[in-house]
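**Student:** Following is a predicted model, sequence given first.
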Amino acid sequence: MVDAKTFIGREGELAALAAAFEARPAVALVEGPAGIGKTSIAEHFVAGDVRVWWASGEESEALVPFGLADQLVRRAGGGPVIGAADHVAVGLRLLALLDGEAAPDVLVVDDAHWADAASLRALLFAIRRLTAEPLLIVVVTRDAGLLPEGLRKLATAHVRPGPLSIEELGALAAAVERPLSPHAVARLSEHTGGYPLYARTLLDELPEETWQEPVLPVPRSYGDVIAARVRGCSAESRALVEAAAVLGVSCTLAAAVAVAEADAPLEALDEGVAAGLLERRTPDDVVFSHPLARAAVYHGLPAARRALLHARAADVTEDAAAALHHRVDAASGPDEALAREAETFARQELRRGAWASAVASLRAASRISATSAERDRRTLEAIDAMLYAGEGATARRLAADLVVAADEAARGEVAPRGEVAARGEAAARGEAA
């Protein structure tokens, strides 16, 4: 069941269900994509002092006649109805149960998009004959269009939960004892689309240091689903999807084609769309179906393939800053000249107060620095910028790592890096240079 402490927002959705409850008998639809929190809303709504019957569809049982109806009949102590002759007979049994002394106050049908058609017909038959029974039927589905038309017409409430706001995501992070800076919360919102399931999973799974990575990871279960979809595409479609992932959540079709070096781009795009990976919002642009889908594809790329695609992207990207970051991501080892370019760009960003951009560029410059001294110096500057950007937790972690490295250098009879240790300790205390 849903954890009340981490159930954030949704006042409007709960109010709509409460109004439907007062108007019983009634039907309420809760519709939305996977991960948006439909089931959590239903669970939270029935968590009070009400009698509840709960049944759920299952993808593997979608073709089992009366599989969902069987859950309800057994819940009431009746015998099996799987394989019954027709929906009218099963509907009459359901009607008798829903009108009996042990009838529930609320009947929830979760994942109704996977419910077998025969059960939905039987349930509709029963619902149409409810007159004064104090019963609310809550139907939870990803797509109301997959339900019988008659069931949709009976609905007096249609709840469509949207993404959590940035403020609500911040409250969620605090509720699970993973408080984030405003910048990190904004990244979480962009990365998950505000979907509470994905946000909660990432808050549980991601260590603190990953929140500064250019592309955040994805929940493992979601990543497995996307990886399977990518494997199901042809080689040319995979190449186009991978190229788009390197370019960002959205990009021009022309850029993706150039990076992928696709010979039949429209066919490859159509395949990616059919796989649920890409969408074509305009004739000239493509976008991933969800930001997490892009991240899953990106993190699934082998290192050499990712570097090659970044190098191609640098050649076709017109934005100088984006091209610079593609070149850094394409680097296979230290490159001091490129590190200096990234540092110069970071200083430009610092002058205009773009702290997050400056941090990203300084950390990139540090990563490809040719010497340990240059690497540490650039990391220290990134730590200072993090403190100004409000990323104190990440700054303190990086600073602590530098202090440990300096101590190890001293114990190894190497000249101790005094400035590294001193500035690192100051940053660990939350003090900017």
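**Tutor:** Okay, I see it.
**Student:** tell me which element Cys251 is part of?
**Tutor:** Under the criterion of DSSP states H and E, Cys251 resides in strand 250-252.
**Student:** Outside of that strand itself, list whatever touches it.
**Tutor:** Residues from elsewhere that reach strand 250-252, judged by CB atoms under 8 Å, 6 or more residues apart in numbering: 244, 281, 284-288. (C-beta placed from N, C-alpha, C; glycine too.)
**Student:** what lines up beside it in the sheet?
**Tutor:** Sheet pairing of strand 250-252 (DSSP bridges) gives strand 285-288 (antiparallel).
**Student:** how far is the strand it pairs with from where the chain is centred?
**Tutor:** Mean-position distance between strand 285-288 and its chain equals 17 Å (CA atoms, centre = their mean, to the nearest Å).
**Student:** can you check stretch 374-388 too?
**Tutor:** Going by CA atoms, centre = their mean, where stretch 374-388 is centred and where its chain is centred differ by 30 Å.
**Student:** Please list all residues in contact with the closest residue to Glu31 other than its chain neighbours.
**Tutor:** Of all residues beyond its chain neighbours, the one nearest Glu31 is Ala144 (4.8 Å), with distances taken as CB to CB, 6 or more residues apart in numbering. Contact partners of Ala144, counting by CB under 8 Å, 6+ apart, are 29, 31, 152, 158.
**Student:** Alpha carbons of the helix or strand harbouring Ala268, as CSV, please.
**Tutor:** Assignment of secondary structure by DSSP H and E places Ala268 within helix 265-274. Output of helix 265-274 as CSV, limited to C-alpha atoms (Å, rounded to 0.1, in the frame of the first residue of the first chain):
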residue,chain,number,x,y,z
PRO,A,265,15.9,7.5,-42.1
LEU,A,266,12.1,7.6,-42.4
GLU,A,267,11.8,3.9,-42.2
ALA,A,268,14.2,3.9,-39.2
LEU,A,269,12.2,6.6,-37.5
ASP,A,270,8.9,4.9,-38.1
GLU,A,271,10.3,1.8,-36.5
GLY,A,272,11.5,3.7,-33.5
VAL,A,273,8.1,5.3,-33.1
ALA,A,274,6.4,1.9,-33.3
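**Student:** what's the model's confidence in that helix, averaged?
**Tutor:** In this model, helix 265-274 has an average pLDDT of 95.
**Student:** which helices and strands does that helix pack with?
**Tutor:** Identification of packing neighbours for helix 265-274 by 3 or more CB pairs under 8 Å, 6 or more residues apart in numbering; DSSP states H and E yields helix 235-247, helix 253-260, strand 278-282.
**Student:** Looking at the ones you listed, which one is packed in the most?
**Tutor:** helix 235-247 (a mean of 24; mean count of other CB atoms under 10 Å).
**Student:** pLDDT of that helix, averaged?
**Tutor:** Across helix 235-247, pLDDT averages out at 97.
**Student:** Packing partners of it?
**Tutor:** With contacts taken as 3+ CB pairs under 8 Å, 6+ apart, helix 235-247 sits against helix 220-231, helix 253-260, helix 265-274, strand 278-282, strand 285-288, helix 291-299, helix 303-316.
**Student:** what does it rub up against?
**Tutor:** Under the contact criterion CB under 8 Å, 6+ apart, helix 235-247 has outside partners 230, 233, 251, 255-257, 259-265, 267-269, 271-272, 275, 277-278, 286, 288, 294-295, 297-298, 301, 305-306, 309-310, 312-313, 317, 326.
**Student:** Excluding sequence neighbours, find me the nearest residue to Leu350.
**Tutor:** Residue nearest to Leu350 in three dimensions, not counting chain neighbours: Ala358, with 4.6 Å by CB to CB, 6+ apart.
**Student:** An error on my part: the question was meant for Pro265.
**Tutor:** Val257 (4.3 Å).
**Student:** That neighbour contacts Ala264, correct?
**Tutor:** No. Between Val257 and Ala264 no contact is recorded; they are 9.8 Å apart, counting by CB atoms under 8 Å.
**Student:** I am finished for the moment; much appreciated.
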